[in-house]
Structures are given as structure tokens and as C-alpha cells.
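Provided below are the primary sequence and the corresponding predicted coordinates.
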Amino acid sequence: MTKTLRRYKLHILRVIFTASVLVSPALFAEGLPEKIEDAPAQASENEAWTGIDVSVVGKYAAKYGRPPRDPYINTDQGDLLLFVFTAAGVIGGFIIGFNARKIFYEKNQ
């Protein structure tokens, strides 16, 4: 009886803790602003959609004296980025497959 009661108490404490973690941001939040101003994701109809690096980070970098520059290796042109991800997948798959073979299929000697 004592073991079962202890298990129920532990279960109730776990539920209370989980509920308090989920509800605490709503209880202790400061007043939220009425409207959050965002930077426009697209400056004009002719310009492509900008990401967070251009719209936010680039703005603050230029503000503090570090204007954007071209990357050393430009992955936006051609299939270089696809090749890099494919090579990483092949290397990772080989490593996972080799270790799975050693762990699950080979017998210890």
C-alpha cells in the first residue's frame, strides 16, 4: 500500500510540475505590445525575398560599420551546395553503417 501511495504522489507531483512549467510563461509575462513592427520581408516587387541575414543582421552590421561583403565561397551559384550536402550524407552514412555493422552484426572475439 505504501509503495502504491508513493507512486501516486510522485505521479501527481510530476503532473503539477509539468503544468507549472507550461503555464508559468503566461502567468509571469509582462504586458505584450499591441503591435510588433517587423522589417518588411520583401522591399519591392522586383527584389527577391530577403532572409534574416539581410533584413536584420545586415542592417545592424551596416549600422555599426561592417557593411556586407561577398562570401569567399559562393554557394548560391551552381550545384556546389547540393554537392556539399550529398558528400556529407555519403560520409555520414558510411560512418553510421560501419559502426552499426560493428555493434549489431559482428560477434565479439
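That came through fine. Predicted, not measured: the structure shown is a model, and the values here were computed from it.

from the chain's centre, how far out does the longest helix along the chain sit?
Criterion DSSP state H: the longest helix present in the chain is helix 2-28. Relative to its parent chain, helix 2-28 has a centroid offset of 28 Å by Cα atoms, centre = their mean, to the nearest Å.

what mean pLDDT would you report for it?
What helix 2-28 shows for mean pLDDT is 75.

need the pLDDT of the residue nearest the centre of the chain.
Central residue of the chain (Cα atoms, centre = their mean): residue 52, 14.0 Å from the mean position. On pLDDT, residue 52 comes in at 74.

residues contacting it?
By Cβ atoms under 8 Å, 6 or more residues apart in numbering, residue 52 lies in contact with nothing. For every residue, glycine as well, the C-beta is placed using N, CA and C.

show me the helices in the protein, by range?
2-28, 52, 58-63, 80-100.

now for these, which one comes closest to residue 73?
With Cβ to Cβ as the measure, helix 80-100 is the member of the helices of the chain nearest residue 73 (7.4 Å).

quick one: contacts of that closest one?
73, 74, 75.

how close does the closest residue to the first one other than its chain neighbours get to residue 87?
This means residue 73. Of all residues not flanking residue 73 in the chain, residue 80 sits nearest, at 7.4 Å (Cβ to Cβ, 6 or more residues apart in numbering). According to Cβ to Cβ, to the nearest Å, residue 80 and residue 87 sit 11 Å apart.
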